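Novice: sequence below, structure please.
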Amino acid sequence: MDAKELNRRQFIKVTTATAAAAATGIEGIIAARRAPAYAQGTKLHMVRWVDFIPESDVELKRQMPEASKALGAEVVLETINANDLQPRITAAIQSGSGADIFIMLWNWAQLYGSSLVDVSDLATALARSEGGFYDVWPASAYVSGKWLALPHSIIGNAVAYRRSWLREVSANGYPKTWDEARRVFAQLKQKGKPYGQTLGHTFGDAPTFSYPMLWCFGGAETNPSGAKVAINSKGAVESVKFMQAFWKECCDEGGLAWDDTNNNRAFHAGEISATLNGASIYIVAKRQRDKIKDEKGEPMWQDIDHAPLPSGPAGRFHLYLPMSHAIMKYSKNPKLAKELLRWLHKKENYEKWFLTQEGYSVGATKSWENHPMWGKVDEPLRMFRTAARTTRIFGHAGPATAKATEVFSKYIITDMYAKAVQGLSAEDAVKWAAAELKQIYEG
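Specialist: Model prediction:
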């Protein structure tokens, strides 16, 4: 039985127990025109990341008084830097106190599973009503036969690039292969217009670049069972050798110290010609057109386009960011927390948030691909509509277990490339990564 079939059967099995969930949830509360008795006088605390689309945080915070009124309880939304989420979650679990709901990035539900509330009733009802979840979700939030986080959205990524600058070196479109990209950006770096990429310890732009770089040369963390480390391979070594050359010839070498905000600022400042990112560079440039301009004084957004990462010898692969919400077991109000999540996913509420994203995030379920918004967004944003169909998750070629999440959390794959571009040989960088992986996967 392959993994997709297993996930399908697991999903069907877990849905059978929750057919009546919606009837007893927030819809019933609203119909009765009064809050449930358990909610009176209570407070619910939710922590999310600071969104790269500022208008989306504004919309969610605008919704909180409405949610408070519907639930009969005070709902407090706190936003923090995404790189601070894991330390905050860990501290809350260790102390047994903190926010009732945390946003979970990637497959963190695998890592924190023993501390999370089963939300299978919410997840199965949502999937049924909205055309099903994408394939990445069971690996991300379905743990030991239970949904331990409610899928919320997926951030696709692509290379944002300046069309006119690429044309300066006779590139009429974005390079389709890494060899071609190396030629193009070597020329652009010589013109003072390098490629921008972080290899730092930051949650988004570093892993979404480094994992696909490994995969497109045929490298993998483990064998298909996940029991044995497989990174010490020819493909992995070749990927690191390529990155060493690409870094020196094509990249802004200050990117080693960047977090997920630096490349946005560098791009808007006209310091880099291209960078892997979500749609936020384009969206923010357009919404701040009077401020973000090119070297000619024209609005920069008009010169920005998007393309997928190039192909390597083994193909083209992507790592997109699934985001979900989890209720903590220490919460004193788990039922109320479920009702808040149900309320946030009611179409009329979720849609208001979804529209502010303008393609930066796509829905957790497939029905949002058909939203009328996609017919209205600019052409450079339309590639994100189906992005969630193609993403992998950590652990390849094995399953996305808590061990794979630990590898991500320690930035071992990213550090393999960072060490190499700083002078360690490709072979030694891969051997270092293999030793680190073995401590986690085989220790």
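Novice: next one, pLDDT for Gly443 please.
Specialist: Per-residue confidence at Gly443 stands at 82 (pLDDT).
Novice: distance of it from Ala435?
Specialist: 11 Å (C-beta to C-beta, to the nearest Å). (C-beta placed from N, C-alpha, C; glycine too.)
Novice: quick one: which of the two has more around it?
Specialist: Each of Gly443 and Ala435 has its neighbours counted (other C-beta atoms under 10 Å); Ala435 has more, 13 against 7.
Novice: any idea how far the more buried one is from Ala257?
Specialist: Ala435 is 25 Å from Ala257, by C-beta to C-beta.
Novice: tally of neighbours for Gly200?
Specialist: Neighbours of Gly200 using other C-beta under 10 Å come to 19.
Novice: quick one, what contacts it?
Specialist: Each residue near Gly200 by C-beta atoms under 8 Å, 6 or more residues apart in numbering is listed here: Ala206, Gly255, Leu256, Ala257, Trp258, Asp259, Thr414, Ala418.
Novice: what's the spacing between it and Ile53?
Specialist: Gly200 is 22 Å from Ile53, by C-beta to C-beta.
Novice: His396 reaches Asn223, doesn't it?
Specialist: No - using C-beta atoms under 8 Å, His396 makes no contact with Asn223, being 10.4 Å away.
Novice: for this protein, what spans make up the strands?
Specialist: Under the criterion DSSP state E, strands of the chain are mapped to 43-49, 74-80, 101-105, 142-143, 146-147, 150-155, 158-162, 195-196, 274-277, 304-307, 318-319, 321-327, 361-363, 391-392.
Novice: mean pLDDT for these: which is lowest?
Specialist: Taking the mean pLDDT of the strands of the chain, strand 391-392 comes last: a mean of 92.
Novice: can you list the domains in this structure?
Specialist: Domain assignment for the chain by automatic domain parsing gives 3-155+320-389, 158-318+410-441.
Novice: sorry, back to before: in helices, which of the contacts of Gly200 fall?
Specialist: Those of the contacts of Gly200 mapping onto helices are Ala206, Thr414, Ala418, per DSSP state H.
Novice: nearest to Ser144, of those residues?
Specialist: Nearest to Ser144 among these is Thr414, at 28.5 Å by C-beta to C-beta.
Novice: residues near the closest one, how many?
Specialist: Neighbours of Thr414 (other C-beta under 10 Å): 24.
Novice: surely it touches Asp205?
Specialist: No - between Thr414 and Asp205 there is no contact under C-beta under 8 Å: 9.9 Å.
Novice: at the geometric centre of the chain, which residue sits there?
Specialist: Leu321 (1.6 Å; C-alpha atoms, centre = their mean).
Novice: so how far is Ser164 from that one?
Specialist: 29 Å.
Novice: cool, Ala70 as well?
Specialist: Separation of Ala70 from Ser164 (C-beta to C-beta) stands at 49 Å.
Novice: these two: who's more crowded?
Specialist: Each of Ala70 and Ser164 has its neighbours counted (other C-beta under 10 Å); Ala70 has more, 20 against 15.
Novice: could I get the pLDDT score of that one?
Specialist: In this prediction, Ala70 has a pLDDT value of 96.
Novice: what's across from the residue nearest to the centre of the chain in the sheet?
Specialist: Beta-bridge pairing for Leu321 (DSSP bridges): Ile155.
Novice: next one: it from Asn370, what distance?
Specialist: On the measure of C-beta to C-beta, Leu321 and Asn370 end up 22 Å apart.
Novice: any regions of the protein where pLDDT drops low?
Specialist: When residues are selected by pLDDT under 70, those of the chain lie in 1-41.
Novice: hmm, try it at 90
Specialist: 1-42, 172, 387, 390, 443 (pLDDT under 90).
Novice: touching, Gln110 and Phe408? I think so.
Specialist: No - taking C-beta under 8 Å as the definition, Gln110 is not a contact partner of Phe408, at 10.3 Å.
Novice: where along the stretch 1-150 of the chain do the helices fall?
Specialist: 3-15, 26-32, 54-71, 85-95, 108-112, 120-129, 136-141 (DSSP state H, counting those that start in this stretch).
Novice: so what's Lys193 up against?
Specialist: Arg162, Trp165, Ile272, Ser273.
Novice: so the first one makes contact with Asp303?
Specialist: Translated: Arg162. Yes - using C-beta under 8 Å, Arg162 is in contact with Asp303, at 5.3 Å.
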